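[1] Okay, structure incoming, though there's no sequence with it:
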């Protein structure tokens, strides 16, 4: 007897997108570790800690994504070779400036957010509420991390235009 109230065969597109997200997160995780190890300069302390926090968060998400795939009664991708073939996030050189590390991380966030949207789209088609809930929370968290990194990369608060939303 299945504990799922969904047709397992209809879940295959969701699982495929989750496996792609899993691959993306593995490459992203390793790039963050590389940044953590290789950061130098005046922003060392801030970014060393930030990259560690980001890779620790990614490690948790990797486990949760794999467990969601298992919950859906499929097996998660688990070979490094497959991650590198499947991921939309690419490896790159480990030695970069702090600004380049942050910019590269923000670009990876765009890729992750796009893949999360793909997962949500497939999950909505089969009413997979569990996957939509999991990934929806990831989107909110990653958008906030992206905002913070983007704010760090600016030279002053004067670079933002003030936007006021008035009730009306």
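    Done, it's in. These numbers were taken from a predicted model, which means no experiment stands behind them.
[2] For residue 150, which residues are in contact?
    For residue 150, the contact set (CB atoms under 8 Å, 6 or more residues apart in numbering) comprises residue 106. Just so you know, the C-beta spots here come from the backbone N, C-alpha and C atoms, and that holds for glycine as well.
[3] which parts of the helix or strand hosting it are buried?
    For residue 150, the host element (DSSP states H and E) is helix 129-153. Residues 131-132, 134-135, 138, 142, 145-146, 149 are the ones in helix 129-153 that count as buried (16 or more other CB atoms under 10 Å).
[4] buried set for stretch 41-51?
    Buried residues in stretch 41-51 (16+ other CB under 10 Å): 43, 47-48, 50-51.
[5] how about the helices of this protein, start to end?
    12-38, 44-71, 80-86, 98-125, 129-153 (DSSP state H).
[6] so which of these is the most packed in?
    helix 12-38 (a mean of 21; mean count of other CB atoms under 10 Å).
[7] Tell me which other helices or strands that helix touches.
    On a contact count with 3 or more CB pairs under 8 Å, 6 or more residues apart in numbering; DSSP states H and E, helix 12-38 meets helix 44-71, helix 80-86, helix 98-125, helix 129-153.
[8] can you pull the contacts of the residue positioned nearest the centre of the chain?
    Centroid-nearest residue in the chain: residue 112, 4.3 Å away (criterion: CA atoms, centre = their mean). Each residue near residue 112 by CB under 8 Å, 6+ apart is listed here: 21, 24-25, 28, 89, 142.
[9] run the last query once more with 7 Å
    Taking CB atoms under 7 Å, 6 or more residues apart in numbering, we find residue 112 in contact with 24, 28, 142.
[10] Could you double-check that residue 106 sits in contact with residue 146?
    Yes: counting by CB atoms under 7 Å, residue 106 touches residue 146, with 5.9 Å between them.
[11] So, low pLDDT: which residues of the chain?
    Low-confidence segments of the chain, defined by pLDDT under 70: 1-2, 156-168.
[12] what's the spacing between the closest residue to residue 143 other than its chain neighbours and residue 39?
    Among residues not flanking residue 143 along the chain, residue 113 sits closest, at 7.2 Å (CB to CB, 6 or more residues apart in numbering). Note on residue 113: its distance to residue 39, by CB to CB, to the nearest Å, is 24 Å.
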